[in-house]
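>>> my questions concern the predicted model and sequence given below.
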Amino acid sequence: MIELVAHNLAPIMFTSVMAMLLLGYPVAFSLAAGGLVFFFIGVELSQFAPDEIRLFPNLIQANPNRTFDVMRNDTLLAIPFFTFMGLILERSRMAEDLLDTIGQLFGPVRGGLAFAVIVVGALLGATTGVVAASVIAMGLISLPIMMRYGYDRSLATGTIAASGTLAQIVPPSLVLIVMSDQLGRSVGDMYVGALLPALMIIAMYCAYIFFVTLVRPQAAPALPAEFRTLGGGVTSLFVLIAVTVGLHYALYHLVFTDMRYETRFVWSASIATAAALAFSLINRRLNLGIISRLAEQVVIVLIPPLALIFLVLGTIFLGIATPTEGGAMGATGALILAIFKRRLSVTTLREALDSTTKLTAFVMFILIGARVFGLTFYGINGHLWIEELLLALPGGETGFLVVVTVIVFILGCFLDFFEIAFIVVPLLVGPAESLGIDLIWLGIILGINLQTSFLTPPFGFALFYLRSISPRKPWDDEVTGERIEGIQTAQIYKGVLPFIAIQFAAILIVIFYPRLVTHYKDDVAPVNLDDVQIQLPGLGGVDGGGGLPGLQLPSGLGDQNSAPGLPGLQLAPLGQPPAGDSGNGGGLSLPPGGLNLNNTPPAIQPDPPAADGQ
């Protein structure tokens, strides 16, 4: 019996720790406790299975160093920066301004509020990176408005929940940062790989809303004209956009011609966008009336968060900053934006710092527990058990990806993202590399998968967030004065089902069309080893030049007029016998003028063999 337990300690440990997590025990303590308990069990059982258990008592001393390695990880330093940036923007009511403005812009279109929620969800995902913040902010702001104007409750709640989960996959998200760290890949490559799948999912959401407006127009009506307070003026917005693009084109081709194309694009786009924002502010301040109120409001509200997104993602994509530096610039930009809007107070700053500290400590403790768990799990060859289990699946890489998708999706219904990322994802690296799967591709598939698990009834976290701020009982609307019925939990569950189907379709598309992700490799120029040439500088050429800098060659090595010899080092000229030698010492014969490594060396001619008796 003991030998049977020893040979199967890896699956016993894995299932025991997962059971503790599913029972609701704290994640960090469950991982650390499981790692320590099974470490001592493994040490005692190592004599029964020495080939499978490689644990010994002194190995536990590696845990402190592994803990310090976590704290020294520069990649994870981006987590508090992006969290702080998102919290500052949330508390500065940026989501409220965006939803109101985009809702007014799409107001005349059927389903305009739903389109606005999707667009704002993508923008919030790119700025906050936190699902809870996005879902709660949009639920509090847009759900009463959508109910007020007669939106179907299932459609409204499903759209808000699904749009809030875009923070999982739209760069720069915390999910992608943690995923890249656990997979051992660059955060910048992960961001580039996630860009097209994220845009595809946003487009699929919008296509679904458009389909609903065709099939059931009463489920997503247009915003009534009397509530479109900004009026019309879309034409002037398009004219302003056209002028801004023209200014960018002129600056790119006429002014910044001496710069690299990335720098030219950044400078020309930044100046053109800043000019449009300055013009809109002047038009509002002086009441010029050159552009409409709608165009003015759209530019003033949209450009600052878009500029912040570019400040973070643009600098990372262009190679100007690392993700950690980009997060620091984003946090600084969020503070400047809040100060500019006069919405930064001591209370707001303190709340943002408290929440950031709590989330960062939460992540760090989970990661430390995962390191303790990993030391024991790898010591009992648990990674080999997982690898053999996954490599035995039929279907090659496709079968592997499908099974992993199903497993992670099921775990995502019960466990938080960080728990899955720190426990499960590192175990998938070995089998994925054995199958030749690109790890960035795998990371994006897992990210979309976890985004889907946020929506799955009855355990989806986004559903819990939305349920917590949705009114259960009827309420009296302050604007219309009408009594509006409350929202039932079943209506929320029904609303997310189409979006879950869209998410699964997106996962399949990414699995069968990996170029959506692997295009990040296109920017890396391949190196042809046949074209690599190594040129060594000459060691004292005939003309006295071309030698290695700082190297003074002795007299006789090279030209007789070359630099003097090394101080304190007396060498006989090469090619001549030392003083006192008869010349028959069997030395090497070098050409007149000494040794010149800039030219092809001549063949060495050895002396003829001595005759017998000499």
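Great, that's in hand.
>>> okay, now Ile88: neighbour count?
28 (other C-beta atoms under 10 Å). From N, CA and C alone the C-beta is placed, and that goes for glycine too.
>>> can you tell me how far the closest residue to Val131 other than its chain neighbours is from Pro323?
Excluding the flanking residues, the one nearest Val131 by C-beta to C-beta, 6 or more residues apart in numbering is Ala167, at 4.9 Å. In this view, Ala167 and Pro323 are 16 Å apart by C-beta to C-beta, to the nearest Å.
>>> could you do Met94 as well?
22 Å.
>>> do the same with Ala62
Counting by C-beta to C-beta, the gap from Ala62 to Pro323 is 28 Å.
>>> okay, those two: which has more neighbours?
With neighbours defined as other C-beta under 10 Å, Ala62 and Pro323 compare such that Pro323 has more, 27 against 13.
>>> Arg185 is in contact with that one, correct?
No: counting by C-beta atoms under 8 Å, Pro323 stays clear of Arg185, with 11.8 Å between them.
>>> surely Phe454 and Ser163 touch.
No: using C-beta under 8 Å, Phe454 is not in contact with Ser163, being 11.5 Å away.
>>> report the contact partners of the residue most central in space within the chain.
The centroid of the chain falls nearest to Leu176 when counting by C-alpha atoms, centre = their mean (3.6 Å). Counting by C-beta atoms under 8 Å, 6 or more residues apart in numbering, Leu176 makes contact with Ile169, Val187, Met190, Tyr191, Ala194, Gly443, Gly447.
>>> now the nearest residue to the fourth one once chain neighbours are set aside: phi and psi?
Nearest non-adjacent residue to Tyr191, counting by C-beta to C-beta, 6+ apart: Pro171, 4.0 Å away. Main-chain dihedrals, Pro171, degrees, to the nearest 10: phi -60, psi 150.
>>> quick one: Pro171 from Asp189, how far?
Distance of Pro171 to Asp189, computed by C-beta to C-beta: 11 Å.
>>> more neighbours: those two, which one.
Between Pro171 and Asp189, counted using other C-beta under 10 Å, the more crowded position is Pro171 (25 against 20).
>>> can you tell me how far that one is from Gly188?
For Pro171, the distance to Gly188 - C-beta to C-beta - is 9 Å.
>>> which parts of the chain are strands?
Ranges of strands in the chain, per DSSP state E, are 475-476, 483-484.
>>> nearest to Glu296, of those?
strand 483-484 (32.3 Å; C-beta to C-beta).
>>> what strands line up against that closest one, and which way round?
Here strand 483-484 is paired, per DSSP bridges, with strand 475-476 (antiparallel).
>>> just how off-centre is the partner strand within its chain?
Chain-centre distance of strand 475-476: 43 Å, with C-alpha atoms, centre = their mean, to the nearest Å.
>>> what residues does that strand touch?
For strand 475-476, using C-beta under 8 Å, 6+ apart, the contacting residues are Glu482, Arg483, Ile484, Gly486.
>>> number of residues surrounding the spatially closest residue to the first one that is not a sequence neighbour?
Taking C-beta to C-beta, 6+ apart, and ignoring the residues beside it in sequence, Glu482 has Asp476 as its nearest neighbour in space, at 7.5 Å. Applying other C-beta under 10 Å, we find 9 other residues in the vicinity of Asp476.
>>> could you measure Asp476 against Phe227, distance?
18 Å.
>>> can you check Leu45 too?
For Leu45, the distance to Phe227 - C-beta to C-beta - is 71 Å.
>>> Ile12: what's its closest spatial neighbour, skipping adjacent residues?
Val5 (6.8 Å).
>>> pretty sure the one you found sits against Gly42.
No: assessed by C-beta under 8 Å, Val5 is found out of contact with Gly42, at 10.5 Å.
>>> between these two, who's got more neighbours?
Gly42 (24 against 13).
>>> quick check, pLDDT for the more buried one.
Turning to Gly42, the model gives it a pLDDT of 86.
>>> doesn't Leu9 make contact with it?
Yes: between Gly42 and Leu9 there is a contact at 6.1 Å, judged by C-beta under 8 Å.
>>> overlap in contacts of the two?
With C-beta under 8 Å, 6+ apart as the test, Gly42 and Leu9 both reach Ile53, Ile380.
>>> for the longest helix along the chain, enumerate the helices and strands it packs against.
Assignment by DSSP state H gives helix 346-379 as the longest helix of the chain. Other elements packing on helix 346-379 under the criterion 3 or more C-beta pairs under 8 Å, 6 or more residues apart in numbering; DSSP states H and E are helix 9-22, helix 27-45, helix 62-71, helix 78-91, helix 417-423.
>>> can you give the contact residues for the last one?
Helix 417-423 is contacted from outside by 17, 21, 27, 31, 168, 175, 178-179, 182, 362-363, 366-367, 369-370, 373, 408, 411-412, 450, using C-beta under 8 Å, 6+ apart.
>>> now the residues you listed: which count as buried?
17, 21, 27, 31, 168, 175, 178-179, 182, 363, 366-367, 369-370, 373, 408, 411-412, 450 (16 or more other C-beta atoms under 10 Å).
>>> what about this structure, any weak spots by pLDDT?
1, 127-130, 226, 231, 262, 477-481, 522-614 (pLDDT under 70).
>>> what ranges do the helices span in the stretch 251-400 of the chain?
In the stretch 251-400 of the chain, the helices defined using DSSP state H, counting those that start in this stretch lie at 261-285, 293-309, 315-317, 323-340, 346-379, 382-391, 396-412.
>>> including distance to Gly495, could the ones you listed go into a markdown table?
Formatted as a markdown table, the helices of the stretch 251-400 of the chain follow (distance: least, C-beta to C-beta, whole Å):
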| stretch | distance to Gly495 |
| --- | --- |
| helix 261-285 | 36 |
| helix 293-309 | 27 |
| helix 315-317 | 35 |
| helix 323-340 | 31 |
| helix 346-379 | 28 |
| helix 382-391 | 35 |
| helix 396-412 | 19 |
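>>> Leu237: which of those is closest?
helix 293-309 (3.7 Å).
>>> relative to helix 78-91, how tilted is that closest one?
160 degrees (axes from the mean of the first three to the mean of the last three C-alpha atoms, to 10 degrees).
>>> please identify the buried residues of helix 293-309?
293-305, 307-309.
>>> can you list contacts of that helix?
In contact with helix 293-309 (C-beta under 8 Å, 6+ apart) are residues 85, 89, 94, 97-98, 101, 104-105, 123, 126-127, 230-234, 236-237, 240, 273, 276-277, 280-281, 283-284, 330, 333-334, 337, 340.
>>> need the CA coordinates for it. PDB is fine.
Output of helix 293-309 as PDB, limited to C-alpha atoms (Å, rounded to 0.1, in the frame of the first residue of the first chain):
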ATOM      1  CA  ARG A 293     -21.400  70.300 -29.700                       C
ATOM      2  CA  LEU A 294     -21.400  66.600 -30.400                       C
ATOM      3  CA  ALA A 295     -18.100  66.700 -32.300                       C
ATOM      4  CA  GLU A 296     -16.600  68.900 -29.600                       C
ATOM      5  CA  GLN A 297     -17.600  66.600 -26.800                       C
ATOM      6  CA  VAL A 298     -16.500  63.400 -28.600                       C
ATOM      7  CA  VAL A 299     -13.000  64.900 -29.200                       C
ATOM      8  CA  ILE A 300     -12.600  66.200 -25.700                       C
ATOM      9  CA  VAL A 301     -13.800  63.000 -24.000                       C
ATOM     10  CA  LEU A 302     -12.300  60.400 -26.300                       C
ATOM     11  CA  ILE A 303      -8.800  61.800 -27.000                       C
ATOM     12  CA  PRO A 304      -7.400  61.800 -23.400                       C
ATOM     13  CA  PRO A 305      -8.100  58.000 -22.700                       C
ATOM     14  CA  LEU A 306      -6.900  57.200 -26.200                       C
ATOM     15  CA  ALA A 307      -3.800  59.100 -25.700                       C
ATOM     16  CA  LEU A 308      -3.200  57.300 -22.400                       C
ATOM     17  CA  ILE A 309      -3.700  53.900 -24.200                       C
END
